[in-house]
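# Please find the sequence and the predicted model below.
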Protein chains: 2
Amino acid sequence: MANEFERIRRLQALFGAPPVGVVRGIGDDAAVIDLALTTVPDGKLVWTIDTCIEHVHFNRSIAGWDDVGWRSFMAAASDLAAMAARPVGALCALALPTDLDDEALDALAHGQRDAAISLHTAIVGGNLSRGDEVSVTTTLLGIGATCPLRSGARAGELVALAGDVGLAAAGLRWLLRDPLASPDPSLHVAVQSWLRPVARIDDGLRAGPVASALIDVSDGLAQDALHVAEASSVRIDLEPDAFVGEALMAAAALLGVSALELALHGGEDYALLGTFPEGRVPDGFVVIGSCGEGEGVWVRGRRVHAAGHDHFRA
Amino acid sequence: MANEFERIRRLQALFGAPPVGVVRGIGDDAAVIDLALTTVPDGKLVWTIDTCIEHVHFNRSIAGWDDVGWRSFMAAASDLAAMAARPVGALCALALPTDLDDEALDALAHGQRDAAISLHTAIVGGNLSRGDEVSVTTTLLGIGATCPLRSGARAGELVALAGDVGLAAAGLRWLLRDPLASPDPSLHVAVQSWLRPVARIDDGLRAGPVASALIDVSDGLAQDALHVAEASSVRIDLEPDAFVGEALMAAAALLGVSALELALHGGEDYALLGTFPEGRVPDGFVVIGSCGEGEGVWVRGRRVHAAGHDHFRA
């Protein structure tokens, strides 16, 4: 197995030359970025960090190392989408058990690199450490002009969604049930939703100028809608027909579970949920409800309990 | 035990209001910073990440949770010092086993907060996750004007050090040997060097305009000097009398180990090592050697093997 410094050089070669504006990438004490030289427009800095840990967020039996790299990167990048920001670059801190070989590390890094490239950005630095469990922590910097918060929704506005909800949870259930069986075609999309989610940067940028509130759906639609409802002091009513699609219904039927439950409480699709004044819902978003006076998240007159992902109650 | 969202609210209260220029701190999808509003001068963005993991970087038996918080923050901040940058803010990703109670988390966060305040900065966001081992990952953003790299040293220049080397390793050896015994007064400074290191931000800022190369000594003087020698294609000769001080000699004598070995190969003091043209060594730095034609790191005519900390060979 390569030592720490050899591994850093391998990753440096794999991640490639840093993008324009990154004066110094991997190989010194820190990354150095000259924002005036980058290709992103002026704006505020948006900065996020997210961790993906073996046995908590994934298991080796259900995901390849390239999938782990891809997913962990997208989960972090999704927070930039939720702030209507464009990525500038990323750093990654990896904790690796001694039994993780160079081939696995290469696959993981390939997944990260492919995810970064697909979002027109790159990993420009990081940290390697030993650890008993594989842990991938990604921090991304972005530039945003408007950066809609969770707290801006107003009664009378529309609630709209870009992307699917529930499919990733369906895919995960399938993988946990039978990781080696190839899924029924109806479940293929669901499995890919979990293994290869996509941070909706372009949807976020379109929503930025018009959304009163914006959040990414990482913990489940009910939980994340509740974050907006609480921060904005509004009630949110959701219309299931608008967000429970045919693919989800087919997957749920095969799994023998409720499609609505998956849509409300399944996380990790990284859809974007926004609130918008009437007539200003941007392309790519589908209206799924409305904001009113009051509190809580409601579906057809029933208040929904937020049972999204909580690592400490899992 | 508080759940994830309650814990985030506790940390938000503990870390306090975000500093001027941080438009949005803890509690949304990402932190938002308007650099034009911050109190730091213009410059390049300097960005680093570092992880501190239980059983790899610390054990519960030798350090309090406040010490763990403090050390992990300073280890990350030290990379900004090595780039002659002033901190703008920090994010922290914590992985916590379910057996870690709220009291321990509070103590850890207090240590982080105290370290941040001492460097005139703050934690403005982060991520909480479950994990089998405690892991503290800190990312810091800074602003630097000159950002000396490792690669700028030239033959004929002086090598100078701000801060001690070897003391932290002496302190760690003592703690590992007998964590419950209170140390001999000669070892008190050493123990504090390991438990409560300080990132030398001010020394870095003074060195910035004049250093041809700058690095923080995290892996041991021999290893980090070698990073500079290799990146700059120079030979570095070190003079032990200049960096093996009385405190280190006293601690080494009590431990029955070589003071020179501790100074060359002990890490985690976070001293700053710079190279400077003659006559331009800034206040706070002590000349400990020189750069010449050739390669490697040498002490009194003997080439020094770099046996600093490598997590994969530990």
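Looks like it came in fine. Numbering: from 1, shown residues only, chains lettered A, B, ... in the order given.

# Look up how far residue A:288 lies from residue A:277.
Residue A:277 is 16 Å from residue A:288, where distance means Cβ to Cβ, to the nearest Å. The way it works is simple: take the backbone N, C-alpha and C, and place the C-beta from them, glycine included.

# So for the two, which residue has more residues nearby?
The neighbour comparison of residue A:277 against residue A:288 (other Cβ atoms under 10 Å in any protein chain shown) goes to residue A:288, with 24 against 13.

# Tell me which residues touch the closest residue in space to that one that isn't next to it in sequence, please.
For residue A:288, ignoring the flanking residues on the chain, the nearest one in space by Cβ to Cβ, 6 or more residues apart in numbering or on different chains is residue A:242 at 4.1 Å. Shown in contact with residue A:242 (Cβ atoms under 8 Å, 6 or more residues apart in numbering or on different chains): A:161, A:286-289.

# Checking the residue lying closest to residue A:22 once chain neighbours are set aside next. Helix, strand or coil?
Take residue A:22 and drop its neighbours on the chain: the residue closest to it by Cβ to Cβ, 6+ apart is residue A:124, 4.9 Å away. Three-state assignment for residue A:124 (DSSP: H, G, I helix; E, B strand; the rest coil): strand.

# Could you do the one 3 residues further on as well?
Following three-state DSSP, we place residue A:127 in the strand state.

# circling back to that earlier point, only whichever of the contacts of residue A:242 are buried, select them in ChimeraX.
The ChimeraX selection below is limited to those of the contacts of residue A:242 classed as buried (16 or more other Cβ atoms under 10 Å in any protein chain shown):
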select /A:161,288,289
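
# Where strands are concerned, which of the contacts of residue A:242 count?
In strands, defined here by DSSP state E, the members of the contacts of residue A:242 are A:161, A:286-289.

# Closest one to chain B out of those residues, please.
Closest approach to chain B among the ones in strands among the contacts of residue A:242 (Cβ to the nearest Cβ): residue A:161, at 15.6 Å.

# That closest one pairs with what?
With DSSP bridges as the criterion, residue A:161 is bridged to residue A:273, residue A:286.

# For it, which residues are in contact?
Neighbouring residues of residue A:161 by Cβ under 8 Å, 6+ apart: A:217, A:221, A:242-243, A:271-274, A:285-286, A:288.

# Filter these down to the buried ones, ChimeraX style.
Applied in ChimeraX, the following selects the buried portion of the contacts of residue A:161 according to 16+ other Cβ under 10 Å:
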select /A:217,221,243,271,272,273,274,285,288
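
# Any regions of chain A where pLDDT drops low?
A:307-314 (pLDDT under 70).

# any chance you could map the strands in it?
So, for chain A - with DSSP E - the strands run A:22-24, A:31-33, A:44-53, A:85-96, A:123-130, A:135-144, A:158-162, A:213-217, A:235-238, A:271-276, A:286-292, A:297-299, A:302-303.

# what about the longest one and chain B, touching?
Yes: in terms of Cβ under 8 Å from any Cβ of the partner chain, part of strand A:85-96 sits within range of chain B, namely A:85, A:89, A:91-93, A:95-96.

# Most neighbours of all the residues you listed, which one?
Highest neighbour count within the residues of strand A:85-96 next to chain B: residue A:85, with 32 neighbours (other Cβ under 10 Å).

# now that residue: how far from residue B:240?
For residue A:85 relative to residue B:240 (Cβ to Cβ), the value is 50 Å.

# Not counting sequence-adjacent ones, nearest residue to residue A:69?
Per Cβ to Cβ, 6+ apart, closest to residue A:69 is residue A:111, 2.6 Å.

# burial count for the one you found?
The number of residues packed near residue A:111 is 25, by other Cβ under 10 Å.
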